[in-house]
Structure formats: C-alpha cells, structure tokens
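Participant: Below are the sequence and a predicted model; questions follow.
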Amino acid sequence: MNIYDLSELCKDFLWLQLHPTRAKLAEAIRNHCRDLLILSATPHQGDHFRFWMLTHLLDENLFENESDMLENRYRLNSIVIRRTKADACTPDGSPLFARRVVHTETFELNVGESKFYAALLEYLQDGYNLAEQHGQKGRALGFVMTTFQKIAASSFAAVRATLQRRLLMLTIFQAVECDELMDVDGRDSALSEARELIKVIYSLNDDPVGRAQVDQVIAESKVQILKRRRETTDFVSTAEIYNSSEQDIAAGEETVANLVSVALPEERRKIRSLLACFPTEVETKASTLVKALKQLWEINPEEKIVIFATYLGSVTAIQNAINAQFPNKGVAVLKGGDHGAKTAAMKRFRRKDGPKILISTAAGREGINLQFAKVLFNYDLPWNPMDLEQRIGRIHRYGQKDTAQVYNLVAVDTIEGAIYLLLEEKLQSIAKTLGKLDEQGQVTEDLRAQILGQLGSRLSYDHLYQEAVRDPSLKRTRQELEVAMSNADLARKVVFELFQDLERFNLGDYQQMDDQGRGMRRLVSFSQRAAHLEGGRFEQQPNGLYHLELPGQATLVFTTEREIAVESDIIHLLGLEHPTLKLWFEKNSNLPASQRAIYLKNKETSQLRGILTFWHVTIQSSNGKLTQKIIRLGINLAGERSIHIERLGSDLLNIPIYDRASPQIDNLQHLVNVVASEMLRRDLDHAGLLTKETSFSKTLIGLVELVA
C-alpha cells in the first residue's frame, strides 16, 4: 500500500505571456481558471487606456476607467508586481545577476568595400523606387530589397552569395520563359549562362561528373521555380514585410534568391555589374573580429566565445576566417532545427575539450542557456535593438558568474552603423539627463529596456532603414529618430508616474515565505518512496548528489541546488517539472481509491480506532473564482469527529502497516460516504466558506484505517 505527500497537489493555474492579439483569449478564459498571471516587458505603452484594459482582465472592478486608475493608482499594488534585474537578489541580499559591459567596436570600410557598398545602395534605391511606384503590387520587390539591405549589413560575403543565387535563379527563370514561348535560342543561351554560374557557385569541375551535377542543379531549380512561382508571390502578398523580427527574416537568403517572379528591369545585368566590383581582399569586419579574438585568447586561451550573425552566408564566412587563423580552436554552429539540435550544439560547445567558438544565427536567440561563456560578439546588428537585447540575454542571465562582455561590430560608414550610433547617442543623452549612466559611462540596463521597449511601438525600423537609403545624409532619418525617441521617453515618464506608488521590492517579504527547505525535503522523501515502489532506489551520495536507479534504465543524477544543475549537462534539477517526477505524480494521483488506503495496527494506539480521511475540496463562487483546500477529518467508530485521530500527523509513519486486502471496519462505507461528507459540509460552513452563492466539490484522496 502507499502513503502520499498530499502537500504537492497540482492546482489549476494559467500562465499567459500576453500579446495584444491574445487579449481576447485572456478575456475568454479568465473566469475559467483559479489564477491568471500576465507577463509583459512593456505592459504600458504610454497609453493609459490600453493599460487600463489590461488591468480590467485581472480585476474588472478595480477601476471604473483610466481616469479612476490615475487618481487611485495605489490600488495597482493589488494586481501589479514590477521587478527589474537590479531588484533580483539572493537570500543574503547580494545581486542575483552579474554585471554586463557593452563595447562598440567601430571600423571603416576599405576602398574596395566602399565602392561595392555604394553600388549596392544604388541597386537598392532603384528597387525601392520601383516598388513604391507599383503600390501594393510592389510589396514583393520591396521585400527583396529590404532583405538584401539586411544581408549586406550582416556581411558582404553573405550578400555576394545571395546575389549569385538570385542571378542563377533569374537566369534559369529566363530559360523557362523562353521555353514556354518556344524561343529555343534564348533558352539555350540562358541555360549556357546558368551552367557557368553553377560551376562558380558550387566549385564544380568541367568533367563528366561535374556536368552531371550541373544538369541536376538546373533540373531541380526548374522544378522549384515552377512550383513556387505562384506560391512565393502569395507568400509575400500576405507576409508582414515591415516590423518583421530578426528570426522571421533570417530565412531571407533563400527566399529572395527564389523570388524571381518579381525583378528590376535588366536586373541580371545589374547583379553581374555588382558582382564584378566585389572586393577581393579579406573583409574588414572579419579582420576586426579575428584581431579581437586573438587579443582575448592571448589573455585566456580557454575562453569560450559566442558570435551572433543573422545569415548563413555570414556564418560560413566567419567560420572560414576563424579556422584559417585559429585551426585548433574549433567552431560549433547553431543554425536552426528543433530544440534537440540547439541543445546538441550547445552541449558540444560547453564541453571543456569542445570548440572555443559558437556561431549562432537567430535560431539561438531564444531557448538556450550560454551563461557558462562570458564573451559575446554581435557580428551584425539587428535593426530592432530589442532583438539585440535577446541575444545578449543568452550569456547575461541567471547563473552567470562573471561580468558579461559584449562587443558590437559597427561599420561607421554604412547606413546601419550610422543609425546604430545615432540611437546610442540619443540614449546616452537621455540617460545623462536622468543620471542613468553607470560607472563605465554606459546607459543603465533598466533605462535602456524602458526606452527601447517603448520605442518599438512607435517606430518602424524597416521603414527607417529603407528611407535612409534615399537619404545618405540621414537628415530625415535623424529627425524621425529624434521624434520617436522623444515620444518613447515621454511614454517612459508616463509609466514612471503611474507606477511610482507601487510597493518597492522587499527581500523580507520573500524571506517570510521561506520554508527553510521543508518543501524540498518532502520532495526528496516522495522521490525515495516512489522509486521504491518502482523497484528502484533514490539515494543520496557522499558528494551530496542523488542517484536514481530504476530497473532497465540508466542511472540519473539529481541535485537540489539550481546552480549545480545549470552548470552541468548530466545533473538534473530535482523539481516538480522534471519528466520523471511529473510521471510519478500523475501515476500516483490517479490510483484507484482501493490502493490509496492503508491499514495501521499498533497496541499503543488501539484506543484510536476509526478512520482518518484526506479530502481535496474545490469551492466555486458565483463570479467563477475557485478556492482549493486539503482537509483532514478524523472519525471514530461511533461516527463522531475525533481530534485525537486528526492530530496523529507524522506519528502515522511510526505505526506498522497491517497489510490486508479488505477493511476491518464494518461500516467503513457509511463513515466515508455519509458521515464524513456531512462533517465536511459543516466544517466549510463554520469556516464561512459556504454561502448561498457558492458550491463545492470534494474528492477523497487518502484514507487511513486504524484497527485494533
């Protein structure tokens, strides 16, 4: 038979990371859950009405309108908790998060790069102008130009590779169109040009094997063009081109290469001209990175370094540059796939004898923990600065022991570099006015998050960067950014005024709820008993770790210390969300009633004959609010409530189990179904929990029979 720790019952709980488009979902389900938690980095966008509507989701009776909310903002304390990283601390009051320092590493393009960049801007400007002339129909071409601009901001190597692939697909598309028009000479000419391009792009030899591979690429490209001619146009007509995130745009290399149903007049000639002036020397950005890596490894040869780059073309270029200069350092690449693929790349990088470099695309911006590394390079800069903050969050997070060192590589003589520096200049100006610069002269993290969070809802970054192509002096761009930053700062002030009456973080409030480890000890005890019932063992080792041994399964190592689990790939944190424990909870909580009972027999407690029952009670009020309780009832054989039985508590564990297949109390069913039910109702009524407007349901979750 079984004894269960009844204190860890699962409770109905809704955890909703709210987005404006999900507000209707929250409204629909708020009355069908006991608890509602809304998480947002920027809950207030400088708009009191929108924020009042959010508070309305949590408590529709708290404020009548936004004016009432402003006049009685102290009431927000009942539903709003505002915390920053600076507030978070350990039980002894020390900071929970390490510091971070962000460096801007600027450089200038060389002569060849400047010439190529100028030609590329001319190509982009022609595309933007044509897209604007065609209105809605021009969105597809605008998407192509925007993506090319973003790829160029990542690396010239990436934009060259994408231009080559687009030229190839445009050429094969030309061959397909000529074939449809029965233009044999035009088709053959285009296919001949395509064959030469394929040899260059894929480095194929002019031999039978190489020619067969060329023909295979052409055949596959034709099929792809025919299949996606309509599909790609539909995709762009429905896609959100503007305000797209870094992760959404990361697949743009392949998309713009295949999106050949829209093109500039004589675009093939323009691309050939662009490729002809592509610089042959090593890219300045790559040289800057290699130089920085050399300096870091001279200080610590074992330093683990993370590099973020949005596009695969840039990833390949970085990997080649590092392998050429540092062949023994090793490079791991994280470029997409499911969570398992991400985890595998992270584990390879984490090993002490593993690669010293991890290059990640936008796929690694979320869902991975890299706090075992302290150095991060942003090889390219996302247009939306909040995407940059997410990248930094891979190393600057809980568990980081050292100051996180972040290096942003910025080409000062490019549009992207100039806008980034403009943005930093405005942030510095606001921070200086407010006294929000740290000892290194950097904008404090909380202010940066507040400003950038508000800025994202007031500025289209895609529009800003596109317009900058037509405005090389950045005069209009500077004005637009000035207005947007002013509005974002004004919204920040509005938020500050509204939240100024919120109660400050007080460590003492949380220390009062500290159970001194009792909950974890109960969890360990439960795990030991559950493992025993499975025919295995859950035992603590001399080093403080726990080993779980189950028949036919590999041994699992557990710890109760989060820091130890964070730093290891093979040590599991003992917690309610671990798959093994969740399986045990589900299995044991769904046992039939006959297997939940135990029979106890002891001479010293022979006078305590009766039953001890455990009930899970759910009380529902008229407004849908749910209250849940665990109630124990002790009943003697005369059908009377027995406080002595209820007070047995942990003494039950000291009474030997009398293993019988059937109960010894004749009227057991009557005591449980009738007597206990009536007692339970009276108990709830006397506690003031039952009214005319409330109802309750009960479930018997445990029964102890005390026999002579």
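Facilitator: Arrived safely, thanks for sending. Remember, predicted model here, so these are calculated numbers, not experimental data.
Participant: Show the model's pLDDT score for E425.
Facilitator: On the pLDDT scale, E425 is placed at 92.
Participant: Number of residues surrounding it?
Facilitator: If you count neighbours by other CB atoms under 10 Å, E425 ends up with 12. For every residue, glycine as well, the C-beta is placed using N, CA and C.
Participant: Please report how far it lies from D387.
Facilitator: To D387, E425 is 20 Å away according to CB to CB, to the nearest Å.
Participant: and the longest strand seen in the chain, what does it pack onto?
Facilitator: Secondary structure of the chain per DSSP state E: the longest strand is strand 695-707. Applying 3 or more CB pairs under 8 Å, 6 or more residues apart in numbering; DSSP states H and E, we find strand 695-707 packed against strand 597-601, strand 610-620, helix 676-686.
Participant: Quick one: list the elements packing against the last one.
Facilitator: The criterion is 3+ CB pairs under 8 Å, 6+ apart, and the helices and strands that helix 676-686 contacts are strand 610-620, strand 626-636, strand 695-707.
Participant: Format the ones you listed as a markdown table; extra columns: mean pLDDT, mean neighbour count and distance to V102.
Facilitator: Below are the helices and strands packed on helix 676-686 laid out as a markdown table (pLDDT from 0 to 100; neighbours: other CB atoms under 10 Å; distance: least, CB to CB, whole Å):
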| stretch | mean pLDDT | mean neighbour count | distance to V102 |
| --- | --- | --- | --- |
| strand 610-620 | 87 | 20 | 50 |
| strand 626-636 | 87 | 17 | 46 |
| strand 695-707 | 82 | 17 | 53 |
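Participant: what about these, which gets the closest to I392?
Facilitator: Ranking the helices and strands packed on helix 676-686 by their distance to I392 (criterion: CB to CB) puts strand 626-636 first, at 40.2 Å.
Participant: for that closest one, packing partners?
Facilitator: When contacts are defined as 3+ CB pairs under 8 Å, 6+ apart, strand 626-636 sits against strand 610-620, helix 643-646, helix 676-686.
Participant: Contacts for the shortest one next, please.
Facilitator: The one in question is helix 643-646. With contacts defined as CB atoms under 8 Å, 6 or more residues apart in numbering, helix 643-646 is touched by L608, G610, I611, L612, R632, L633, G634, I635, N636, L706.
Participant: now do stretch 102-117
Facilitator: Residues contacting stretch 102-117 (CB under 8 Å, 6+ apart): 152, 156, 274, 277-281, 283-285, 288, 292, 392, 405-414, 417, 421, 424, 442.
Participant: mind listing which of those are in helices?
Facilitator: Among these, DSSP state H puts A152, F156, L274, T284, K285, T288, A292, I392, G417, L421, E424 in helices.
Participant: The fifth one: neighbouring residues, count only.
Facilitator: The reference is to K285. Neighbours of K285 (other CB under 10 Å): 25.
Participant: wait, it sits on S154?
Facilitator: No - with contact defined as CB atoms under 8 Å, K285 does not reach S154; the gap is 9.1 Å.
Participant: Sort out which residues of the host helix or strand of V256 are buried, please.
Facilitator: Assigned by DSSP states H and E, V256 belongs to helix 252-258. For helix 252-258, a neighbour-count test (16 or more other CB atoms under 10 Å) marks G252, E253, T255, V256, A257, N258 as buried.
Participant: could those be laid out in TSV, adding distance to E180?
Facilitator: Listed next are the buried residues of helix 252-258 as TSV, based on distance: CB to CB, whole Å:
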residue	distance to E180
G252	28
E253	28
T255	24
V256	24
A257	21
N258	19
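Participant: now, among those, which is nearest to P355?
Facilitator: The nearest member of the buried residues of helix 252-258 to P355, counting by CB to CB, is E253 at 24.0 Å.
Participant: distance of the closest one from G688?
Facilitator: On the measure of CB to CB, E253 and G688 end up 66 Å apart.
Participant: Who are the packing partners of the helix holding V256?
Facilitator: Using 3+ CB pairs under 8 Å, 6+ apart as the test, helix 252-258 ends up in contact with helix 139-154, helix 156-180, helix 208-238.
Participant: pLDDT value on the most centrally placed residue in the chain, please?
Facilitator: Nearest to the mean C-alpha position of the chain, counting by CA atoms, centre = their mean, stands E366 at 4.2 Å. At E366, the pLDDT value in this model is 78.
Participant: same check, this time on S594
Facilitator: 61.
Participant: E240 too?
Facilitator: Looking at E240, the pLDDT reads 46.
Participant: Same question for W15.
Facilitator: Taking W15 on its own, its pLDDT is 42.
Participant: try V315
Facilitator: pLDDT recorded at V315 is 94.
Participant: For burial, what's the neighbour tally of the nearest residue to R99 once chain neighbours are set aside?
Facilitator: Of all residues not flanking R99 in the chain, T403 sits nearest, at 4.7 Å (CB to CB, 6 or more residues apart in numbering). Per other CB under 10 Å, the neighbour tally for T403 reads 11.
Participant: isn't T403 right up against V101?
Facilitator: Yes - contact criterion CB under 8 Å: T403 and V101 qualify, at 5.9 Å.
Participant: what angle sits between the longest strand of the chain and strand 610-620?
Facilitator: Angle between the axes of strand 695-707 and strand 610-620 is 170 degrees (criterion: axes from the mean of the first three to the mean of the last three CA atoms, to 10 degrees).
Participant: What strands line up against strand 695-707, and which way round?
Facilitator: strand 597-601 (parallel), strand 610-620 (antiparallel) (DSSP bridges).
Participant: That one: how far from the chain's middle?
Facilitator: Computed by CA atoms, centre = their mean, to the nearest Å, the chain-centroid distance of strand 695-707 equals 42 Å.
Participant: likewise stretch 202-214?
Facilitator: Worked out by CA atoms, centre = their mean, stretch 202-214 lies 44 Å from the chain centre.
Participant: ok so, going back, dump the helices and strands packed on strand 695-707 to TSV, plus distance to V557.
Facilitator: Listed next are the helices and strands packed on strand 695-707 as TSV, based on distance: least, CB to CB, whole Å:
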stretch	distance to V557
strand 597-601	32
strand 610-620	33
helix 676-686	43
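Participant: Provide the contact partners of the helix or strand harbouring N487 at residue level.
Facilitator: Taking DSSP H and E as the criterion, the element that holds N487 is helix 475-499. Residues from elsewhere that reach helix 475-499 (CB under 8 Å, 6+ apart): 44-48, 51, 69-70, 73, 76, 80, 82, 419, 422-423, 426-427, 430, 447, 450-452, 454-455, 458-459, 464, 467-468, 471.
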